[in-house]
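Asker: Just need the structure, nothing else, for what follows:
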Amino acid sequence: MKNLFLLYAFLIFTCSCSDDANAQNNKDIFTIYLVRHSEKDLSANNLSDPPLTLCGVQRSENLSDFLKDVHLNIIYSTDYLRTKSTAFPTANSKGLEIELYDAQQLKDFSQLLIDRQQDALVVGHSNTTGVLAGLLTGEDIGAFDLDIYDRVYQVVIYKNKGRLHLLHVSVDCNE
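Answerer: Numbering: from 1, shown residues only. The predicted structure follows:
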């Protein structure tokens, strides 16, 4: 009986190790998470590049908690305070730098994401996040309302074909 248990434990260990190795070596599949920046403070002095509200800070920290067990190779953000501040808690918790991208070049950026084949978080805007998800999946997804902050577009890419999953992450703000 003891030998049977040891054999069973060895088989489980061997299978799990080979699955991990295959998963890490399989470049055919990767996941991109796309989110809009968190709530921005419209009462700030700099309306062209406002900081996050307290709710926005809470939402950004909640996003980091949501992605806690998700493997990420890279985090992208546009060059705005609100997007970089949204990405920061996740980047900080994962020890990653935030790489900037140009939201005016979404088609080129979508191709870069596919070519790099990395698990990524992309922080954008209400008029770019859905559009980028659409470019990655071949679907027609447009901008969304300015009051929507809870969407997480999960795009799983397998052999250069994207599949979209729409997730929602709610935050109870105490602002």
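Asker: Assign the residue nearest to Asn160 when sequence neighbours are not counted to one of the three secondary structure states.
Answerer: With C-beta to C-beta, 6 or more residues apart in numbering as the criterion, Asn160 has its nearest non-adjacent residue at 6.1 Å, and that residue is Ile114. C-beta coordinates here come from the backbone N, C-alpha and C atoms, glycine included. Following DSSP: H, G, I helix; E, B strand; the rest coil, Ile114 is assigned to helix.
Asker: isn't Ile114 right up against Ile157?
Answerer: Yes. If you go by C-beta atoms under 8 Å, Ile114 and Ile157 touch, sitting 6.5 Å apart.
Asker: shared neighbours of the two, anything?
Answerer: Overlap between the neighbourhoods of Ile114 and Ile157 consists of Leu136, taking contacts as C-beta atoms under 8 Å, 6 or more residues apart in numbering.
Asker: For the residue nearest to Asn160, which residues are in contact?
Answerer: 136, 157, 160.
Asker: can you count the residues close to Asp145?
Answerer: By the measure other C-beta atoms under 10 Å, the count of residues near Asp145 is 7.
Asker: Tell me, how many residues neighbour Ala44?
Answerer: Neighbour count of Ala44, defined by other C-beta under 10 Å: 15.
Asker: Having no further points to raise, I will conclude here.
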